[in-house]
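Colleague: Let me see the structure of the following:
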Amino acid sequence: MVVCVGGPGSGKTLLLKLLTDNKFNQDSVLVPTVGVNIYNKEVKYVKKKVSVSIRELGGELAPLWVEYLKSETCLIFVVDTQNLGQVGLVAVKLCECLAQLERNSISFNQVARLCVLWTKQGCVKTITKLLKL
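Modeller: Sure thing, here's the model as predicted:
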């Protein structure tokens, strides 16, 4: 499973909706995630379609992010570049997540994968372009 984390309002839900729902209306009103959301995405892997589950953790769950990562090696970390008030929290939490991914990589003998995405609130066009790459 892939875990997706980021500060409150950083754009995690928007990113995952755009990634997983081809019919998602970009003008939809999104409700902040309280708790956890699970998304599924089919991807091609070695000529097969594989279903990947993505667990989105609400920004308010920041104290628990590392706990959710204890059995995972794939992380999407979303940063809102417009919210300078979150930079300190986000930097500390990113370091904690990186340390946990490194421990997991050694324990599970797997390469850990990290994707850090910088967002600007309301920048749907940029996110949509990134997802098409």
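Colleague: what's the helix or strand for Cys4?
Modeller: strand 2-6 (DSSP states H and E).
Colleague: Who are the packing partners of the helix or strand that that strand is followed by?
Modeller: Going down the chain from strand 2-6, the next helix or strand is helix 12-20, by DSSP H and E. When contacts are defined as 3 or more CB pairs under 8 Å, 6 or more residues apart in numbering; DSSP states H and E, helix 12-20 packs onto strand 2-6, strand 36-45, strand 48-57, strand 74-80, helix 124-132. Heads up, the C-betas are built off the backbone N, CA and C, glycines and all.
Colleague: Only alpha carbons, please: show helix 12-20 as PDB.
Modeller: The C-alpha atoms that make up helix 12-20 are tabulated as PDB, following Å, rounded to 0.1, in the frame of the first residue of the first chain:
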ATOM      1  CA  LYS A  12      -3.700  15.500  -0.900                       C
ATOM      2  CA  THR A  13      -7.400  14.800  -1.600                       C
ATOM      3  CA  LEU A  14      -7.400  16.800  -4.800                       C
ATOM      4  CA  LEU A  15      -4.300  15.000  -6.000                       C
ATOM      5  CA  LEU A  16      -5.700  11.600  -5.300                       C
ATOM      6  CA  LYS A  17      -9.100  12.400  -6.800                       C
ATOM      7  CA  LEU A  18      -7.400  13.500 -10.000                       C
ATOM      8  CA  LEU A  19      -5.200  10.500 -10.000                       C
ATOM      9  CA  THR A  20      -7.900   7.900  -9.400                       C
END
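Colleague: returning to what we had before: hey, which of the helices and strands packed on helix 12-20 is tucked in deepest?
Modeller: With neighbours taken as mean count of other CB atoms under 10 Å, those reach their highest mean count in strand 2-6, at a mean of 23.
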